[in-house]
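Asker: below is the sequence, then the predicted model.
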Amino acid sequence: MQTRLLPVVAFASMAVLMLISCERRECTNPPPQYQFAFVTPQGQPLAADSLQAKTMRLAYTSTSGAKIVVPQTQFRPVPTNTPYRYVYQLSHELIGSDAHPRQYAIELNEQPVGTLQLTAQQRNTKCDKWMHLTEVQANQKAVSIGADNVTYQITIER
């Protein structure tokens, strides 16, 4: 009788230990991804090749007044098969960790061609604590997310 109970007791003990020792893990979503496409007023892509694509960059002024160029790891061109030819992936670091708008200068060939303002808000859901863009403005005009629900199209006049 005792030998038959031993496996049952052992199994029950393991189940209790597993329930007690394993805390329920929270789910975590990855940070949101945002893409920007830069086009001419006629709707043509601003960058036609990889060399041109790399000349598009963002910059901002630090609290000490110095100009800081955003590294390509945080704002990088990605070739696409879309009419945009290139979209720029925005790193989550550029959105920030507060709700204050972030202001960037858009530069092409090291020349300012516009401004980009990003406003974000933190989500406080069970699986999502990231900052999410709530408003995008280019040259003081609101920019809506495109029909693809991924890309913000920004018109640059040169």
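Answerer: Yep, it's here.
Asker: contacts, neighbours, all on C-alpha from now
Answerer: Noted.
Asker: centroid-nearest residue for this structure?
Answerer: Taking Cα atoms, centre = their mean, the centroid of the chain lies closest to Gln33, which sits 3.5 Å from it.
Asker: what distance do you get for the residue nearest to Gln103 when sequence neighbours are not counted to Pro41?
Answerer: Nearest residue to Gln103, sequence neighbours excluded (Cα to Cα, 6 or more residues apart in numbering): Gln117, at 4.5 Å. Counting by Cα to Cα, to the nearest Å, the gap from Gln117 to Pro41 is 20 Å.
Asker: which one's more surrounded, those two?
Answerer: Gln117 (19 against 13; other Cα atoms under 10 Å).
Asker: who's that one bridged to?
Answerer: Counting by DSSP bridges, Gln117 is bridged to Gln103, Gln137.
Asker: low-scoring stretches of this structure, by residue?
Answerer: Scanning the chain for pLDDT under 70 picks out the ranges 1-26, 96-99, 149.
Asker: all the helices of it, residue numbers only.
Answerer: 2-21, 50-53 (DSSP state H).
Asker: so for the last one, what gets flagged as buried?
Answerer: Going by neighbour count (16 or more other Cα atoms under 10 Å), the buried part of helix 50-53 is Ala53.
Asker: now do that helix: distance to the chain's middle.
Answerer: With Cα atoms, centre = their mean, to the nearest Å as the basis, helix 50-53 stands 21 Å off its chain's centre.
Asker: what does that helix contact?
Answerer: 47, 77, 79, 86 (Cα atoms under 8 Å, 6 or more residues apart in numbering).
Asker: can you tell me which of the residues you listed is nearest Lys129?
Answerer: When the contacts of helix 50-53 are ranked by distance to Lys129 (Cα to Cα), Pro77 comes first, at 26.7 Å.
Asker: understood, closing this out.
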